[in-house]
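Trainee: fold the following.
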Amino acid sequence: MTRAEVERLAQERLASEEAAAPRRTAYTLGMGWRRFWRHPSPWLMSAMLVGALTARLTLGGWRWSELIAPVAFVALFPVIEWVVHVCVLHWRPRRVAGITVDSQLARMHREHHADPRDLPLVFIPWQTLLFVIAGFLAVALLVFPRTEAGLTFVAGVAVMGLVYEWTHYLIHSDYRPRSRAYKAIWRNHRLHHYRNENYWFGVTTSGTSDRLFGTYPDPRSVPTSATAKNLHGG
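Mentor: You can find the predicted model right below:
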């Protein structure tokens, strides 16, 4: 396939997606918020947040030092998000000792690229999310010297999880960006899906981690990928 053919394919791909969407002017932020809660992961993360906060309030004995871990997590979240997107979601299935290693997250993310407008595929699968929540709770109870500090950390993680899910959902919904900041995030993620899946991995910020890791090129300098909707060409 020549570059001209790939460029035409990308334009046809995006035009088809746009044509399939209802009139975006009729889609409000309130509509998006209500539909967001039709999916299981926001409820699971909310339960994680409420549970951690309730337990923390019950224990009492607040210290300012408890904020160090959650603040550090928030500050590092763009990097964490980038690493997970590249190393976990874009994982290429491979055989190890005769066994195919291919997580549910990677499989569903390939489906997400194949059909970016299938909203259930936008969310973290609830089966995987249960293990993730259990893992963070184990960290809170076993790694932190004070359970109170661990619970504060878990609450911070839950908040960032909800921010990620809401942002990613909104990008793929029919809501059009109005603010300059959200428009930049929206544009970058569309480039990732419709131009080249090897760049623009950030979701909740506008190229923060992509600039750090060299995956934030000038879109005009990047050829349109023929595998943006068929990751790994499989």
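
Trainee: pull out the CA atoms of stretch 105-112 and give them to me as PDB.
Mentor: Extracted in PDB, the C-alpha atoms of stretch 105-112 (Å, rounded to 0.1, in the frame of the first residue of the first chain):
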ATOM      1  CA  LEU A 105      -6.600  -5.400  28.700                       C
ATOM      2  CA  ALA A 106      -4.500  -5.900  25.600                       C
ATOM      3  CA  ARG A 107      -7.200  -7.900  23.800                       C
ATOM      4  CA  MET A 108      -9.900  -5.400  24.600                       C
ATOM      5  CA  HIS A 109      -7.600  -2.500  23.600                       C
ATOM      6  CA  ARG A 110      -7.200  -4.000  20.200                       C
ATOM      7  CA  GLU A 111     -10.900  -4.200  19.900                       C
ATOM      8  CA  HIS A 112     -11.100  -0.600  21.000                       C
END
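
Trainee: go through it and flag the buried ones.
Mentor: 105-106, 108-110, 112 (16 or more other CB atoms under 10 Å). The C-beta positions use only the backbone N, C-alpha and C, and glycine is treated the same way.

Trainee: now it: mean pLDDT?
Mentor: Mean pLDDT, computed over stretch 105-112, is 95.

Trainee: over to stretch 146-161?
Mentor: For stretch 146-161, the mean confidence score works out to 96.

Trainee: with stretch 78-92 instead?
Mentor: On average, stretch 78-92 scores 96.

Trainee: by contact count, what packs against the strand or helix carrying Y169?
Mentor: Using DSSP states H and E, Y169 maps to helix 147-172. Here helix 147-172 touches helix 29-36, helix 40-59, helix 68-84, helix 126-142, helix 180-194, going by 3 or more CB pairs under 8 Å, 6 or more residues apart in numbering; DSSP states H and E.
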